[in-house]
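Peer 1: the following comprises the amino acid sequence and a computationally predicted model.
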Amino acid sequence: MPKLFKTLSDASFQKNTAVSRSCLEAAPRTSLSPSKNCEIPSRHARARRQLAKLKADLSPAELASEARASVRSAPTHAADVFFTDGSVDTITGTAAATVHHDEFAALYRLPDNSSPLQIELLAILRALQLALPRDINVTIHTDSLGAIQALQTVSLKDNVNLITSVLATAKNIHDSGRHVHLNWVSSHTGIPGNEATDLAAKKALSLPQVTAPIPPSISQIKASVRRFSHEQAVTCLRPWITNPTSSAHWYNTTRTNTTPFPRNIGRKTRNALHRVRIGYKCLAEIKGTLPLACCHCDAATVSPLNHYVMDCPSTSDMLARGHAAAKDVIANTSHDALARLVSGHAPSTTSLS
Ligand SMILES: [Zn+2]
């Protein structure tokens, strides 16, 4: 047994994953070019070939040439050679993965909306599982640099099940005295195996049902919770928002007023300003002791705030009247003007504020 596995039996999960990573020969740090921003790994750790340029700086012809060199440099003698790839229908969210081998092709349909990383990891996992009983070395070509980097992450934060399954399967193969070589090749560079896998992955999108169920990632669960919470909140609040007499309905309009909110105003003015913004009823309205005499013009009204905004002569000069509803007047009067209004002529004094 290799020395690196001596502590495996009593190792922690973290040690297990770290040890298992050593089963894969495409080590991340050794396989990256010296450039800090380089996105291109070398062919594999043993060869330690480095690209002279960043991927973005390579012409299509140079990229194809590098891809061919990458495939040629990967171990093929006495090795099962697999190409893996994934495909996503961005409209329907349908996801599929494929493993291509000279003797066969395996197609998998994943749960809808699986991430590209999950799909690529699943393809690598299935390749390893197919290779496990075949008793020879394994070379896997993938065009997913993200999957390779995820497999070399020291501290796993997401897709833990998939990543540890890949590493555990690689370790099982390695424990039987075989090598596992994970090789990155650029996609769409004319490599026959890669192109065939790409086509097969698209074909796998039409599989009628999920054949490779995977657990959702933590980020997907969080997104689902956020989406569900938002939907529930909207469902709960909709009656208040659509109720024409509610503060929520009023504020839904006045919140469109994006004029700067005045600073350095007193608490009393601020409270009165917020009150007209949210359409807060005065105490007389809440208690049902209407009509109420306006504190500014003495007019009797059964809707004090509406009178204050739409009809009261003492406030007419400071409001952008001419809109059909009081909330629209508030939405179209600047917050500065509203602050000046309520500081000089506050809404009904028989209020809760
Ligand atoms: Zn009045």
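Peer 2: It's in.

Peer 1: excluding sequence neighbours, find me the nearest residue to residue 105.
Peer 2: Counting by CB to CB, 6 or more residues apart in numbering, residue 200 is the residue found nearest to residue 105 once chain neighbours are left out, at 5.1 Å. Where C-beta positions appear, they are placed from N, C-alpha and C, glycine not excepted.

Peer 1: please, which helix or strand holds the one you found?
Peer 2: Using DSSP states H and E, residue 200 sits within helix 192-204.

Peer 1: list the contacts of the residue in the stretch 101-250 of the chain that the ion sits nearest to.
Peer 2: Nearest residue of the stretch 101-250 of the chain to the ion (CB to the ion) works out as residue 250 at 19.3 Å. For residue 250, the contacting residues are 278, 279, 327, by CB atoms under 8 Å, 6 or more residues apart in numbering.

Peer 1: ok but it is inside a strand, no?
Peer 2: No: using DSSP: H, G, I helix; E, B strand; the rest coil, the assignment for residue 250 is helix, not a strand.

Peer 1: max-length helix in the chain?
Peer 2: helix 218-242 (DSSP state H).

Peer 1: for that helix, packing partners?
Peer 2: helix 247-254 (3 or more CB pairs under 8 Å, 6 or more residues apart in numbering; DSSP states H and E).

Peer 1: what's the following helix or strand past the helix it packs on in contact with?
Peer 2: Using DSSP H and E, the helix or strand that follows helix 247-254 in sequence is helix 267-278. Residues outside helix 267-278 that contact it (CB under 8 Å, 6+ apart): 247, 250-251, 254-255, 257, 262, 265, 280, 305, 308-309, 330, 335, 338-339, 342-343, 346-347, 351, 353.

Peer 1: now with 6 Å?
Peer 2: 247, 251, 254, 330, 338, 339, 342, 343, 346, 353 (CB atoms under 6 Å, 6 or more residues apart in numbering).

Peer 1: for stretch 209-224, same thing?
Peer 2: Here stretch 209-224 has contacts from 108, 109, 110, 111, 118, 122, 158, 159, 161, using CB under 6 Å, 6+ apart.

Peer 1: where does that stretch sit relative to the chain's centre, distance-wise?
Peer 2: Distance, stretch centre to chain centre, for stretch 209-224: 13 Å (CA atoms, centre = their mean, to the nearest Å).

Peer 1: before we move on, what about stretch 70-81?
Peer 2: 36 Å.

Peer 1: now do the end-to-end distance for that stretch.
Peer 2: For stretch 70-81, the first-to-last residue distance is 13 Å (CA to CA, to the nearest Å).

Peer 1: can you list the strands that the lengthiest strand in the chain pairs with?
Peer 2: Taking DSSP state E as the criterion, the chain has its longest strand at strand 79-88. If you go by DSSP bridges, strand 79-88 pairs up with strand 95-101 (antiparallel), strand 137-142 (parallel).

Peer 1: and among these, the most buried is which?
Peer 2: strand 95-101 (a mean of 26; mean count of other CB atoms under 10 Å).

Peer 1: what about the strands in the chain?
Peer 2: Taking DSSP E as the criterion, the chain carries its strands at 79-88, 95-101, 104-110, 137-142, 180-184, 292-293, 300-301.

Peer 1: measure the spatially closest residue to residue 176 that is not a sequence neighbour to residue 173 for me?
Peer 2: Leaving aside its chain neighbours, residue 176 sits nearest to residue 135 (7.4 Å; criterion: CB to CB, 6+ apart). Residue 135 sits 9 Å away from residue 173, going by CB to CB, to the nearest Å.

Peer 1: of the contacts of helix 267-278, buried ones?
Peer 2: Buried members of those, counted by 16 or more other CB atoms under 10 Å: 247, 251, 254, 330, 338, 339, 342, 343, 346, 353.

Peer 1: check the burial of residue 130 by counting its neighbours.
Peer 2: Neighbour count for residue 130, taken as other CB atoms under 10 Å: 16.

Peer 1: close to the ion: what parts of the stretch 151-300 of the chain are there?
Peer 2: Neighbours of the ion within the stretch 151-300 of the chain, by CB under 5 Å from the ion: 294, 296, 297.

Peer 1: go ahead and confirm residue 243 touches residue 237.
Peer 2: No: between residue 243 and residue 237 there is no contact under CB atoms under 6 Å: 10.3 Å.

Peer 1: mind checking which helix or strand of this structure has the lowest mean pLDDT?
Peer 2: helix 28-31 (a mean of 32; mean pLDDT, DSSP states H and E).

Peer 1: end to end, how far does stretch 180-199 reach?
Peer 2: Note: stretch 180-199 ends 25 Å apart using CA to CA.
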